[in-house]
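Colleague: Here is my input, please return the structure:
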Amino acid sequence: MSYVAYKSLLSDIRRQLELHDHQQLLEMCGLDDEAANIHDTRSLMRRLEEKKRFTIDELGDLEEVLESLEEFSLLGKLKKFESKRKEYNDLLEKISGALNDDERNHMEQVINIVKRETSVDFSRENIPSILTLFQKLQKHGSLGFRRLNFVKRILTEIDKEDLVREIEDYEKRRNKKDASERRKAEWYSWGKSFARKVKGGSSLNLVFCTTLF
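Modeller: This is a model prediction of the structure:
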């Protein structure tokens, strides 16, 4: 999943945590000794990030907080994010591993393409592997959960069409899952709306019958 989805998830969690006792949250997170500098949920989340208590690829501490507070709806949303993120990371690791294992050294080719096509600033010494380069591209915004075209262009240029197909297969699976989730959400929304109408109609019928008799 992308950094946009990650920030959206954190925003949802922060808003929900605001409904809980602030002192309890500080104690759960082991930050009660820093209470003077943590005035609200926003600063609490920021402090946890600063202390590396959670990252986009490691959300275990937030899982525990949500589970302890019985925020199971948000916990499910977080786990779904983790699952999609893992599938995405596995894809990048597979591509990186395949390029590193190839008899030809693709590292220089890939770096030259990235320098030519983007404004990413880096030195060769700071890029020990293609996976590290992918991670840097993610932070730069040139690569993401729904932004894999750049990687496909790189792979096409270095004649790795088999890996391009790997990405395309991944995108098909992702799109199929997304479509399924949208349908479920639409049905859920429709069900809630229908239930409200039925409940409202029952109330009106009761009032009407009471008036008649």
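Colleague: now the end-to-end length of stretch 123-137.
Modeller: Using CA to CA, to the nearest Å, the gap from the first to the last residue of stretch 123-137 comes to 13 Å.
Colleague: no wait, stretch 119-132
Modeller: Distance between the boundary residues of stretch 119-132 (CA to CA) amounts to 17 Å.
Colleague: can you offset everything so residue one is 49?
Modeller: Sure, I'll start numbering at 49, so the last one becomes stretch 167-180.
Colleague: as a whole number, average confidence for it?
Modeller: In this model, stretch 167-180 has an average pLDDT of 80.
Colleague: Pull out the buried positions in it.
Modeller: Neighbour counts using 16 or more other CB atoms under 10 Å place 168, 175, 178-179 of stretch 167-180 among the buried residues. The way it works is simple: take the backbone N, C-alpha and C, and place the C-beta from them, glycine included.
Colleague: now do stretch 51-58
Modeller: Taking 16+ other CB under 10 Å as the criterion, stretch 51-58 shows 53-54, 57-58 as buried.
Colleague: Switch those over to a markdown table; also include secondary structure and pLDDT.
Modeller: Listed next are these as a markdown table, based on DSSP: H, G, I helix; E, B strand; the rest coil; pLDDT from 0 to 100:
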| residue | secondary structure | pLDDT |
| --- | --- | --- |
| Ala53 | helix | 89 |
| Tyr54 | helix | 92 |
| Leu57 | helix | 96 |
| Leu58 | helix | 96 |
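Colleague: Reformat these as JSON lines; add distance to Glu216.
Modeller: Listed next are the buried residues of stretch 51-58 as JSON lines, based on distance: CB to CB, whole Å:
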{"residue": "Ala53", "distance to Glu216": "21"}
{"residue": "Tyr54", "distance to Glu216": "24"}
{"residue": "Leu57", "distance to Glu216": "27"}
{"residue": "Leu58", "distance to Glu216": "31"}
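Colleague: can you pull the contacts of Thr89?
Modeller: Under the criterion of CB atoms under 8 Å, 6 or more residues apart in numbering, the neighbours of Thr89 are 62, 65-66, 70, 73.
Colleague: how does this protein divide up, domain by domain?
Modeller: Domain segmentation of the chain under the TED database yields 51-118, 134-218.
Colleague: Pull the contacting residues for Leu114.
Modeller: By CB under 8 Å, 6+ apart, the contact list for Leu114 reads 61, 120, 122-123, 126.
Colleague: Need the pLDDT of it.
Modeller: Reported pLDDT at Leu114 in the predicted model: 97.
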